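Novice: this is the structure alone, sequence omitted:
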């Protein structure tokens, strides 16, 4: 078989495709015209609630305390919650005392993130995130330890939530500050 037949067939097929495109009504002007700019989605703030601060276990030397948050997404698309930075205070006696601070999740650093520790919050959904910490009794604040043992502690929790749209590359990072008393 003659190889020139394959070349002529390929040229004929290419010409047919060009003819179909030109006959379909599209013009080069329409193809080259600028496309309208995409509208950027305006992201609504997520809702953060302090669900609970509870003493899971207590002894004379230490207490295990759990803090639990409830997050709700009012947006029509998913949101990625990167991190919740928080501080816990006990306010039950004469002065406010910072008990602990912590972080749930992680923020991406650098160009490449090996493993992710963030949370996807689907549109219209809610989720609970919790963290535990251990408080050591150093004997310096007996009123605090007494409140913890009698389960009469009054809590104040402050912090920030960092989140963005459903892709780490779309949109910009959003920050929401919160403060709760319980």
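Specialist: Noted; the coordinates are in hand. Fair warning: this is a prediction, and the values are worked out from it, not measured in the lab.

Novice: mean confidence score for the lengthiest helix in the chain?
Specialist: Scanning the chain for the longest helix, with DSSP state H as the assignment, gives helix 4-23. Mean pLDDT, computed over helix 4-23, is 75.

Novice: could you measure from the most centrally placed residue in the chain over to residue 91?
Specialist: Closest to where the C-alpha atoms of the chain average out (CA atoms, centre = their mean) is residue 81, at 0.8 Å. Distance of residue 81 to residue 91, given as CB to CB, to the nearest Å: 27 Å. (Each C-beta comes from the backbone N, C-alpha and C, glycine too.)

Novice: same check, this time on residue 72
Specialist: Per CB to CB, residue 72 is found 26 Å from residue 91.

Novice: which residues of the protein fall in helices?
Specialist: Under the criterion DSSP H, the chain contains helices at 4-23, 28-32, 142-149.

Novice: kindly reformat those helices as a markdown table containing mean neighbour count and distance to residue 52.
Specialist: As requested, those are exported to a markdown table (neighbours: other CB atoms under 10 Å; distance: least, CB to CB, whole Å):
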| stretch | mean neighbour count | distance to residue 52 |
| --- | --- | --- |
| helix 4-23 | 10 | 64 |
| helix 28-32 | 8 | 59 |
| helix 142-149 | 16 | 15 |
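
Novice: redo those helices as TSV? Include distance to residue 97.
Specialist: Converted to TSV, the helices of the chain look like this (distance: least, CB to CB, whole Å):
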stretch	distance to residue 97
helix 4-23	74
helix 28-32	67
helix 142-149	6
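
Novice: for residue 182, find the nearest of the ones you listed.
Specialist: helix 142-149 (13.3 Å; CB to CB).

Novice: show residues contacting the closest one.
Specialist: Helix 142-149 has contacts (CB atoms under 8 Å, 6 or more residues apart in numbering) with 55, 58, 63, 90, 92, 93, 94, 97, 135, 137, 153, 154.
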